[in-house]
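>>> need coordinates for the following:
(2 chains)
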2 protein chains.
Amino acid sequence: MGFDPMKTLYDLIEVDEAIEVFTRILSKVNLQAESVRIDEALGRIAASDVKADFDFPDQDRSAVDGYAVVAEDTYYATQYNPVELRLVEERHDNSCIGKGEAFEVFTGNPIPCGANAVVMKEDVVRDKDRILVLKPVPVGGNISRKGEDYAKDSVLVPKGTVLNPFHIAIIASNGLRTVKVYEKLRVGIISTGNEIVSPGIARKQGEYYDSTGTLISQLLVQDGFYRVNYYGILPDDEEVLSEALEEAVLENDIVITLGGTGVSGSDVVIDAAEKKGEVVFRGVKMRPGRPTSSSLLNGKPILHLSGYPVAAWTGYEVIFRRAVAKAFNLVNYNRRMAFAKLSRRLPNQVGYQTYVRVQLKTVENELIAEPYMLRGSGVLSSLVFSQGYVEIPSNIEGYEKGEIIKVFLF
Amino acid sequence: MGFDPMKTLYDLIEVDEAIEVFTRILSKVNLQAESVRIDEALGRIAASDVKADFDFPDQDRSAVDGYAVVAEDTYYATQYNPVELRLVEERHDNSCIGKGEAFEVFTGNPIPCGANAVVMKEDVVRDKDRILVLKPVPVGGNISRKGEDYAKDSVLVPKGTVLNPFHIAIIASNGLRTVKVYEKLRVGIISTGNEIVSPGIARKQGEYYDSTGTLISQLLVQDGFYRVNYYGILPDDEEVLSEALEEAVLENDIVITLGGTGVSGSDVVIDAAEKKGEVVFRGVKMRPGRPTSSSLLNGKPILHLSGYPVAAWTGYEVIFRRAVAKAFNLVNYNRRMAFAKLSRRLPNQVGYQTYVRVQLKTVENELIAEPYMLRGSGVLSSLVFSQGYVEIPSNIEGYEKGEIIKVFLF
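The predicted structure follows:
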């Protein structure tokens, strides 16, 4: 009768501690920088600050189609008392426009000297060589100032940025054809399980197709800065797994194993890792994803995830992804989030941090989060049909129906 | 004095009409289906419903580590009055467990016949060949039912889905190694402008690097179902552009031009398209992005976007992206959205639908949207530093400070 029902729980570590510990061992990965063409840089991580070589724009430009003027001329202009200005037909390099004059400009044209504002075409009536201004314009009005977008030496893209199309475009605007990024993080993935078979192969009753390997691989591929090496499905054999792990850590920066990690079942993968390495943590106080574990082999971090897709996803999302963001100081790798009203009570087992997938609906000016809870909380379709997830801290008994809660968006 | 200041506005069409018209001409694109390996399918569009070939799971399985039991045996179990059950060591194929018996199972194991629930390991004290159950379990408790994830013939992934890792994983779980997707949409991109030069080239005062070409290309590349053909920067020459457009429509499903579309400035690209084709619309009541236009050449849709990055982005985001979603019946191509409180007033010029980039901050349980409005609303850095955008309908004068507004998230 010596079984202590709390023992398993005591052995598990907190989510935050797991993230911290895994961050620490990930930080040992020494990422080299490489230079890539900007049109090959999407999703890569900037390896240094990208700074502006010049002010942009490099001179004052018109922000609209209209007429460059001396702003003071227009101050009393109204539709009923328009101000008449003489149109300067052609401006010479050394001439400036003066009071009482206007010069036609299109969007992007430089502002002629002497002018300090642009009246929009819509606010003017043109009559041959003169214009009637119907509306005042302030000093600087409709002028895109030198350096308005960015100033010389300012940081356009900070180190650690996961490059999106906007970042790449602003790098291009500064005339750069290449950008320094980190080499791709090489992640080895090993699926385990005697009952797991590859898609496309005939299957017996009790065998399951390896969806978790596909899930985790594709999540990494989607991010653009990983190189995924998939080692296939290995049997629940400590010897085989131990050799495979040694090979995988040699060829990768990080290794992720899927399956064979039941905290109370057979932990063959962790045993295999421990044989020549060391266990870092074994189980996390989270649901799903409790079997999430970590070990170190030849100095390389291994993350052991459940073979079950939703539990594996939770370990990936919460431990792996957040630790990667911290270890490599990524500046924009957090999930977008929104606040939503819970459609029903969301109970939690105190002691566990719980992750619940939710569907989001809009009702009037409010997001409603409909949790996947009862049946189906652990199934793949709950990920397919949800738009985000809720994190219930381990120290509370849940959220009440109608409560406003934070949702991390996919 | 015959200039009508409202004329330009009258010529523009409403945003919704522009989307509808562009959708109509996009719908003529005849996308063929092709079969691709699931690990090459990320971001592609499912060309037909993917249906389940079998129930998943295909038998009742234990959802936890514990003991399969007859639920009714446990109904009166408490910590103080545990129910004792006899542990069945090994179950034979044709034998079932009966009342008073229990059989050890690990997560994922099939449920032995006779059992109708699983008691969690934590709720049991084990003593050699018997267990003491401390807590009742209802019929079906902790059992993952046959077909719980999905039933045979149910639609796993509907036609028109832009495949994400979850979709690909559920397809894998059904044993499929390939999936039918649409061929990539071929999009030709032509930048125009005598003052535009390629990144990496020495630049004179008054010349600008082609950031808009990079921006629109990368936005398309990010989506996974486009094949981008970039034709480089062409001069503002009607003859040259006309020939380039003819070539581009021949080699692509859609063509996007950037620059040369000032509604009141030189419309050389649209003129070039009109020469051998027809203009579909010329200018949209939106800000930024007013010059957004469309034409048809040899039956192929052309979208003319501004050369300015933010105006081009707005035309892409609002007209192109939404029309693509409609024309190809994409089921999950809408931007995620959130509601946020406006940090300050957001004025609008009635008659125009206005798009304002916003930064999002969290203050307590609320998102605060800080708009980029005054200086810098048209600059590339406003896209880099924002997390989403707000759409102000053309018939309202703006949003008030403190108002809750919808934000489309990047």
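
>>> list of residues touching the biggest strand by length in chain A?
Assignment by DSSP state E gives strand A:353-363 as the longest strand of chain A. For strand A:353-363, the external contacting residues (Cβ atoms under 8 Å, 6 or more residues apart in numbering or on different chains) are A:14-15, A:285-289, A:310, A:314, A:317-318, A:338, A:340, A:346, A:348, A:367-373, A:377, A:382-383, A:385-394, A:407, B:337. C-beta here means a position set from N, CA and C on the backbone, and glycine is covered the same way.

>>> enumerate the positions of the helix or strand residue A:269 falls within that are buried.
Following DSSP states H and E, one finds residue A:269 within helix A:268-276. For helix A:268-276, the neighbour count (16 or more other Cβ atoms under 10 Å in any protein chain shown) marks A:268, A:269, A:270, A:272, A:273, A:274, A:275 as buried.

>>> one step back: taking the contacts of strand A:353-363 one by one, which sit in helices?
A:15, A:310, A:314, A:382, A:383 (DSSP state H).

>>> and the third one, how far from residue B:309?
Spelled out, it's residue A:314. Residue A:314 sits 39 Å away from residue B:309 when distances are taken as Cβ to Cβ, to the nearest Å.

>>> which residues touch residue A:77?
Neighbouring residues of residue A:77 by Cβ under 8 Å, 6+ apart: A:83, A:133, A:134, A:135, A:136.

>>> which of those are buried?
A:83, A:133, A:134, A:135, A:136.

>>> residue A:79 is in contact with the last one, correct?
Yep, that's residue A:136 we're talking about. No. Residue A:136 lies out of contact with residue A:79 (Cβ atoms under 8 Å); the separation is 11.3 Å.

>>> how distant is the longest strand of chain A from the center of its chain?
Offset of strand A:353-363 from its chain centre (Cα atoms, centre = their mean, to the nearest Å): 19 Å.

>>> domain map for chain A?
Structural domains assigned to chain A are A:7-31+A:183-327, A:34-56+A:148-181, A:61-144, A:337-409, following automatic domain parsing.

>>> with mean pLDDT and distance to residue B:24 added, can I get these in a markdown table?
Converted to a markdown table, those look like this (pLDDT from 0 to 100; distance: least, Cβ to Cβ, whole Å):
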| stretch | mean pLDDT | distance to residue B:24 |
| --- | --- | --- |
| domain A:7-31+A:183-327 | 92 | 32 |
| domain A:34-56+A:148-181 | 97 | 27 |
| domain A:61-144 | 90 | 30 |
| domain A:337-409 | 91 | 27 |
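
>>> these: which one's closest to residue B:199?
domain A:34-56+A:148-181 (4.6 Å; Cβ to Cβ).

>>> and the closest one, does that touch chain B?
Yes. Domain A:34-56+A:148-181 comes into contact with chain B (Cβ under 8 Å from any Cβ of the partner chain), by way of A:38-39, A:42, A:148-150, A:156-157, A:164-178.

>>> which residues sit in contact with the residue nearest the centre of chain A?
Most central in chain A under Cα atoms, centre = their mean is residue A:333, positioned 3.6 Å from the mean C-alpha point. Counting by Cβ under 8 Å, 6+ apart, residue A:333 touches A:162, A:321, A:324, A:325.

>>> so which of these belong to helices?
Secondary structure assignment (DSSP H) places A:321, A:324, A:325 from the contacts of residue A:333 within helices.

>>> report the buried members of those.
Looks like those have A:321, A:324, A:325 buried, using 16+ other Cβ under 10 Å.

>>> looking at it, the second one is touching residue A:26, isn't it?
Yes. With contacts counted by Cβ under 8 Å, residue A:324 reaches residue A:26, the gap being 6.6 Å.
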